[in-house]
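Novice: test case, fold it:
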Amino acid sequence: MTSDQDYDDEAHDQAYYDQIIADLESGRLKADPTTLIRADQDPGLGARLIFEATGTTTFAEAIQVTLGRPPGPQHGGPSPVLRARVPREIKDGVRRLAASQHRRESDVVRDAIAAYLDAQPA
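Specialist: A predicted model of the protein is given here:
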């Protein structure tokens, strides 16, 4: 059973992390890749971060999310593949955007195509 204090702590933690993200994105705070959080300092942090980042609750689900949608009847089978040649500038732009958003290039391209199609008259 969770207490009101647990909810207050979660809200405080979320606000704290939201501020860190805002500071990182604005350049006010520089990430230090040598910073470590040991398991004895925060047991379960790694799992919580993985589950939060993937929107899952188990490692099996997290692995499926990170590897892509599994083929099967629940997803209509494997997604079709669309290939296109693009100028180097577009490829580099997709790569930079994907890296800055911590996403896969295919996700960026998929979203761009969907947005383009949505903007077209019927």
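
Novice: low pLDDT regions in this protein?
Specialist: 1-12, 31, 33, 39, 68-78 (pLDDT under 70).

Novice: please report how far the residue sitting nearest the centre point of the chain lies from residue 103.
Specialist: Nearest residue to the geometric centre of the chain (CA atoms, centre = their mean): residue 53, 5.2 Å. As for residue 53, its distance to residue 103 is 11 Å (criterion: CB to CB, to the nearest Å). The C-beta positions use only the backbone N, C-alpha and C, and glycine is treated the same way.

Novice: with residue 14 instead?
Specialist: Taking CB to CB, one finds residue 14 at 22 Å from residue 103.

Novice: more crowded one of these two?
Specialist: residue 103 (13 against 10; other CB atoms under 10 Å).

Novice: what's near enough to touch the more buried one?
Specialist: Not one residue lies near residue 103 by CB atoms under 8 Å, 6 or more residues apart in numbering.

Novice: what about 10 Å?
Specialist: 97, 110, 111 (CB atoms under 10 Å, 6 or more residues apart in numbering).

Novice: cool, residue 42 as well?
Specialist: 48, 49.

Novice: how close does residue 15 sit to residue 93?
Specialist: 34 Å.

Novice: the two: which is more packed in?
Specialist: Between residue 15 and residue 93, residue 93 has the larger neighbour count (other CB under 10 Å), namely 13 against 10.

Novice: wait, what's in contact with the more buried one?
Specialist: Counted by CB under 10 Å, 6+ apart, residue 93 has contacts 86, 87, 108.

Novice: give me the buried subset of those residues.
Specialist: Buried subset of the contacts of residue 93 (neighbour count, 16 or more other CB atoms under 10 Å): residue 108.

Novice: of the contacts of residue 93, which is the nearest to residue 62?
Specialist: Closest approach to residue 62 among these (CB to CB): residue 108, at 20.9 Å.
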